[in-house]
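*Asks:* need a 3D model of the following:
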Amino acid sequence: MDRASWRAQVLHNHLLQSCSRTILEPNGCLNYSPPELSESFAFDIKEMRKLMDGHNLEERDWVFGLILQSKLFNPKISGGRVFVCPDYNHSMEQQREMTMKRIRYLFDQGVFEGWLTGEGLEAEMRKLARFEVLGIYDHSLAIKLGVHFHLWGGAIQFMGTKRHHDKWLKDSENYKVKGCFAMTELGHGSNVRGIETVTSYDSNTGEFVINTPCESAQKYWIGGAANHATHTIVFSQLNINGKNQGVHAFIAQIRDSDGNICPNIRIADCGHKIGLNGVDNGRIWFDNVRIPRENMLNSVADVSPDGQYLSAIENPDQRFAAFLAPLTSGRVTIAVSAVYISKISLATAIRYSLTRRAFSITPNEPEVLLLDYPSHQRRLLPLLAKTYAMSFAANDLKRMFVSRTPKSNKAIHIVSSAYKATITWNNMRTLQECREVCGGQGFKTENRVGHLKGEYDVQLTFEGDNNVLMQQVSKALLAEFIANQKTNKPFKGLGLEHMNKPWPVIPSQLTSCTIRSSQFQIDAFHLRERDLLRRFASEILEYQAQGVRKESALIESYVLAEELGRAFSERAILQTFMEGESALPAGSLKNVLGLLRSMYALICMEEDAVFLRYGYLSMENVAAVRKEVTKLCAELRPHALALVSSFGIPDAFLSPIAFNWIESNSWSSLQR
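*Replies:* Residues are numbered from 1 along each chain as shown. Next up is the predicted model:
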């Protein structure tokens, strides 16, 4: 065949193949199909929501409704649905202005009624429920309100007496007085005892004089101070007749009713942040600011008109601990809000993965749903189980807090510190994983998940740096252990009663049935906590035997301290989860909670190297646990939609990719 004939034959064959229907037929376009059409609900999601929210469902739905009714909350239509979310394209100044407008609207609707003047458990739980909904909408809104009501208002409630309650609480609830909380300084954050602001008493005038003696003493990161606050709680060293009496708290006015900065006060803005730009964080300097003697918050200590220092608590350490009481409410609300943000990100990522497909396993077959990939399940479903477990723990923490007594304050401080650290760390991990599994869509601000990382990163360090809080937890546990050794009395409180029992025994070989039993799981957690506490105490004593001071020994033993803090927190969370599960009657709800509880317990074991490092589990048993996690992922997969639907978060507070992500990105949606 000559070359011309050969080329004609090649062209002929090519054209015949090109006309083949199988080659020219295009792939069908992807269509969105609501996951509800293919996913079944094996349990009552309304009953599950009652367990998750825990209380005041009607109050929550009322506040959700108020937000959806007002254009102040930036409603936008996407994919045929209405979504509400702050406009983060606004400038910092615009975001702050919108935060204040939303607060005024909510005030007019009566949302804050009783937040400072209401009494009793019911009023406190109602306030917490409403506050949690506002945090679901916007972190800046929640923090702005949290500073005013929980920190400023809480300080007056807890640290003040009747004269302060009568003068300040009603006006604060009505937002006539706008308060902030000046504790943190440029030079001192976690180490409150080391703050440098100084307050002295002038017996000639009956006034306190507050002074910022150096630049490192400037109050820093004070939410509300830059633009709006009229008053602040000032934490400072109290100097009486040349003697330092330690840290005390005072009320000082920083602006008049017209918004003008008061004499001898200097205020500067902290500037743009990686999140929370709807909050006006500011810096404050006090230049010999005089305040009335009555402005000292005096529930713990007072100064007489002639300058005598008075306190029923002689021990300076106990006095200092009493002054830190307002921070407990902050840690409680932070832990709870972190759970809800994890719920938002998981609901979005799981709904998206139930409608988004990628790759075909065999030719000419439909692409596979993301959540049908075992690897995708492994990324999301353990985090879903953790969020469920932490919901039970957060609700238990709230009940502890609203039912607090002077005797229980210590336990609440320890548990709230542990939960605040553990839950906020988990929230940031959840946000990152959900951002990644949503791919490029997770990077868009309108889809919330990616932006929430910047908004909630601050939770890891404010109201106590997480690492410092965990060391405080371990120090408290060490004190309990040493006291027990000295008195030989049984352990009581903090869930440490298991220390009074014989050492748990872990079977040398684990079956699937054993691994999933709550008894094995709690035994393994008890063994870890008990052994780490003994190791921690032993290491401290060993350092001290070598002549190292106890404080230095604690610093040197930070690794064991962190491991013990984690063990305590995870055991406490598992314990509350088990209690919630056991209170339910037999049925589908209890069954799915059993799967989640097992997933939570086993993923904690898998992720913590101490189970293998100290021999609580053998290498074979660790492998068996890991294999069981994979099985649990497959068993939880059919319940994924029902589990995130049980969160009770209205669709409008999620994101467009949680629903018809094709329509929300269509050309026609842009034209609307």
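*Asks:* going along the chain, name the helices of the stretch 451-600 of the chain.
*Replies:* For the stretch 451-600 of the chain, helices defined by DSSP state H, counting those that start in this stretch occupy the ranges 466-487, 512-515, 518-545, 550-556, 558-582, 588-607.
*Asks:* that should have said the stretch 201-350 of the chain, apologies.
*Replies:* Taking DSSP H, counting those that start in this stretch as the criterion, the stretch 201-350 of the chain carries its helices at 316-323, 326-353.
*Asks:* so what secondary structure elements neighbour the longest one?
*Replies:* I take that to be helix 326-353. helix 121-137, helix 139-145, helix 153-159, helix 374-402, helix 409-437, helix 449-456, helix 640-645 (3 or more Cβ pairs under 8 Å, 6 or more residues apart in numbering; DSSP states H and E). Backbone N, C-alpha and C define where each C-beta goes, glycine included.
*Asks:* let's see that with 6 Å instead.
*Replies:* Judged by 3 or more Cβ pairs under 6 Å, 6 or more residues apart in numbering; DSSP states H and E, helix 326-353 is in contact with helix 121-137, helix 153-159, helix 374-402, helix 409-437, helix 449-456, helix 640-645.
*Asks:* of the ones you listed, which is nearest residue 37?
*Replies:* Nearest of the helices and strands packed on helix 326-353 to residue 37, taken as Cβ to Cβ: helix 640-645 at 10.6 Å.
*Asks:* which residues are contacting that closest one?
*Replies:* 35, 39, 41, 45, 346, 347, 350, 354 (Cβ atoms under 6 Å, 6 or more residues apart in numbering).
*Asks:* from those residues, which is closest to residue 492?
*Replies:* residue 346 (37.0 Å).
*Asks:* wait, that closest one sits on residue 386?
*Replies:* No - at 9.7 Å, residue 346 does not count as touching residue 386 under the criterion of Cβ atoms under 6 Å.
*Asks:* residue 657: which of the helices of the stretch 451-600 of the chain is closest?
*Replies:* Residue 657 lies closest to helix 588-607 among the helices of the stretch 451-600 of the chain, at 24.6 Å (Cβ to Cβ).
*Asks:* which pLDDT value goes with residue 390?
*Replies:* Looking at residue 390, its pLDDT reads 98.
*Asks:* swap that for residue 522, sorry
*Replies:* For residue 522, the predicted pLDDT is 98.
*Asks:* and if you look at residue 406?
*Replies:* If you check residue 406, the pLDDT there is 83.
*Asks:* and for residue 27?
*Replies:* pLDDT, residue 27: 63.
*Asks:* likewise for residue 140?
*Replies:* Confidence at residue 140, expressed as pLDDT, is 97.
*Asks:* before we move on, what about residue 243?
*Replies:* At residue 243, the model reports a pLDDT of 93.
*Asks:* which residue, other than its chain neighbours, is closest to it?
*Replies:* The shortest distance from residue 243 to any non-neighbouring residue, by Cβ to Cβ, 6 or more residues apart in numbering, is to residue 309 (7.8 Å).
*Asks:* same question for residue 137.
*Replies:* Counting by Cβ to Cβ, 6+ apart, residue 67 is the residue found nearest to residue 137 once chain neighbours are left out, at 5.6 Å.
*Asks:* so who does that neighbour touch?
*Replies:* Residue 67 touches 73, 84, 137, counting by Cβ under 6 Å, 6+ apart.
*Asks:* which parts of the helix or strand hosting it are buried?
*Replies:* Assigned by DSSP states H and E, residue 67 belongs to helix 57-69. Neighbour-count burial for helix 57-69 flags 59, 60, 62, 63, 64, 66, 67 (criterion: 16 or more other Cβ atoms under 10 Å).
*Asks:* same check, this time on stretch 114-121
*Replies:* Across stretch 114-121, burial judged by 16+ other Cβ under 10 Å covers 115, 116.
*Asks:* just the CA atoms of it, as PDB, please.
*Replies:* C-alpha atoms of stretch 114-121 as PDB (Å, rounded to 0.1, in the frame of the first residue of the first chain):
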ATOM      1  CA  GLY A 114     -33.400  38.600  83.200                       C
ATOM      2  CA  TRP A 115     -29.900  37.900  82.100                       C
ATOM      3  CA  LEU A 116     -28.500  39.800  85.200                       C
ATOM      4  CA  THR A 117     -31.500  40.300  87.400                       C
ATOM      5  CA  GLY A 118     -33.200  36.900  87.000                       C
ATOM      6  CA  GLU A 119     -32.800  34.400  89.800                       C
ATOM      7  CA  GLY A 120     -32.800  30.700  90.000                       C
ATOM      8  CA  LEU A 121     -31.800  27.700  87.900                       C
END
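*Asks:* how far off centre is that stretch?
*Replies:* 24 Å (Cα atoms, centre = their mean, to the nearest Å).
*Asks:* please name the nearest non-neighbouring residue to residue 143.
*Replies:* Spatial nearest neighbour of residue 143, chain neighbours left out: residue 279 (5.1 Å); criterion: Cβ to Cβ, 6+ apart.
*Asks:* ugh, typo on my part, it should be residue 530
*Replies:* residue 499 (5.8 Å).
*Asks:* how about the residue sitting nearest the centre point of the chain: what's its closest non-neighbour residue?
*Replies:* Of all residues in the chain, the one closest to the mean position by Cα atoms, centre = their mean is residue 338, 2.6 Å from it. Take residue 338 and drop its neighbours on the chain: the residue closest to it by Cβ to Cβ, 6+ apart is residue 427, 3.9 Å away.
*Asks:* just to revisit the earlier point, looking at the helices of the stretch 451-600 of the chain, which is closest to residue 191?
*Replies:* The closest of the helices of the stretch 451-600 of the chain to residue 191 is helix 466-487. By Cβ to Cβ, the value is 8.7 Å.
*Asks:* dump that closest one to CSV, restricted to CA.
*Replies:* Written as CSV, here are the backbone C-alpha positions of helix 466-487 (Å, rounded to 0.1, in the frame of the first residue of the first chain):
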residue,chain,number,x,y,z
ASN,A,466,-5.3,25.5,77.0
ASN,A,467,-1.9,24.1,77.9
VAL,A,468,-1.8,26.1,81.1
LEU,A,469,-5.3,25.0,82.0
MET,A,470,-4.4,21.4,81.5
GLN,A,471,-1.4,21.8,83.8
GLN,A,472,-3.8,23.4,86.4
VAL,A,473,-6.0,20.3,86.2
SER,A,474,-3.1,18.0,86.8
LYS,A,475,-1.8,20.0,89.7
ALA,A,476,-5.3,19.8,91.3
LEU,A,477,-5.4,16.1,90.8
LEU,A,478,-1.9,15.8,92.3
ALA,A,479,-3.1,17.7,95.4
GLU,A,480,-6.0,15.3,95.7
PHE,A,481,-3.7,12.4,95.4
ILE,A,482,-1.2,13.7,98.0
ALA,A,483,-4.1,14.6,100.4
ASN,A,484,-5.4,11.0,100.0
GLN,A,485,-2.0,9.5,100.8
LYS,A,486,-1.7,11.6,104.0
THR,A,487,-5.1,11.0,105.4
